[in-house]
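[1] how would this look folded up:
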Amino acid sequence: MSNTFLGKGEQPKLLLEIYRGHNNDLKGNVGSGYSHSAYMKHVRTCKHLGKFLEKEYGMGDIRLGLIDLMFIKRFERHLKDQRIGQQNTITKYVTNFKKIVRIAHAHGWIEHDPFYHWKAVWIPVQREALSESELKSLSEAYMNTPRLEEVRDIFLFCCFTGLAHSDVKRLSENDMTIDIKGRKWIRINRKKTKVRCDIPLLGMAEEIMLKYKDRCPKRGGTGLLPVISNQKTNLYLKVVAKRCGIKKNLTHHLARHTFATTVTLSNGVPIESVSRMLGHRSLKTTQIYAKVVDRKLREDMDDLQERLVGKRFMGWTNTRQGNI
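    Numbers count the residues shown, from 1 in each chain. Predicted coordinates for the structure are as follows:
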């Protein structure tokens, strides 16, 4: 580790100097236990802290010992005023900052933990998923360019496998196996969590793989499917959604939600099996999707109740109840 991050030297420890040292060390470990996205989230947090110090304090850096609860709350307010994102995005930036301060406290560079009385505020997110009718529309819609068709196909593939973008992008022949009954499986360690996923290949997913079987990987790549960057994928998906008449915000991650809810849980697949296919470390993570299914069931029953009101069999029920 760098001397700056370890705090070696006689100069007072400065926040941004320590943070940049942390980020340099993190950058050197990308691919060896840390992802590039994990590195970038701290780079962005450090930049936001730099702009905050300049705007609110007129300083290029600040001593760690001067950071207190008021500083944290002002930083949080600054992020809101700058409209960096929604509440959960702001909370993520502050918790990134918290990690650095906790490291400083653990090394004895500051006497007290200024985050001791700070509490993260998270807003529950309502997870969306495509319905069966929307999946049907998506699969049947005509795409007038090869790129749109490829993006649509990869999205559908993930709707029926639950693979994240980073995992489907690196999917290779080595990740495909056939069991004793001749059924094809995807067996892959998730890039994000390193947890093993065991996914039986459903019909739609297998059709898409066969469609691109003879496609030559670009520049010697080993990927089985023509996957572009996540950012470009999400841009194309907006066009795809419009062509299919889908009003939901179509992003690649929505495919994973769709697999968990519409494709599996809603069709009676046990939550333990879904958790294994998604590569979750904890069943609690998968239970988020189960709550979505429960909510959808309540909404469907509420709609049914409204349709039944005033109909003869509803009246028959009321009459029978009145005669009891």
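[2] and stretch 47-62, end to end?
    Start-to-end span of stretch 47-62 (CA to CA, to the nearest Å) is 14 Å.
[3] who touches it?
    14-17, 19, 71, 74-75, 78-79, 82, 84, 93, 97 (CB atoms under 8 Å, 6 or more residues apart in numbering). In short, each C-beta sits where N, CA and C put it, glycine included.
[4] what's the pLDDT at M1?
    For M1, the model assigns a pLDDT of 49.
[5] which stretches of the chain form helices?
    Applying DSSP state H to the chain gives helices spanning 3-6, 15-28, 36-52, 69-81, 87-106, 132-140, 146-159, 165-169, 203-211, 230-244, 252-258, 271-278, 283-308, 312-323.
[6] tell me the helices and strands packed up against the fourth one.
    The helices and strands touching helix 69-81, judged by 3 or more CB pairs under 8 Å, 6 or more residues apart in numbering; DSSP states H and E, are helix 36-52, helix 87-106.
[7] what's the closest of the ones you listed to N234?
    Ranking those by proximity to N234 (CB to CB) places helix 36-52 first, at 14.7 Å.
[8] model confidence over the closest one, on average?
    93.
[9] next, the angle helix 69-81 makes with it.
    Comparing the axes of helix 36-52 and helix 69-81 via axes from the mean of the first three to the mean of the last three CA atoms, to 10 degrees yields an angle of 100 degrees.
[10] so who does the spatially most central residue of the chain touch?
    Taking CA atoms, centre = their mean, the centroid of the chain lies closest to H253, which sits 6.1 Å from it. Each residue near H253 by CB under 8 Å, 6+ apart is listed here: 164-165.
[11] report the contact partners of the closest residue to T177 other than its chain neighbours.
    Spatial nearest neighbour of T177, excluding adjacent residues (CB to CB, 6 or more residues apart in numbering): W185 at 5.0 Å. Contacts for W185 (CB under 8 Å, 6+ apart) come out as 176-179, 198-201.
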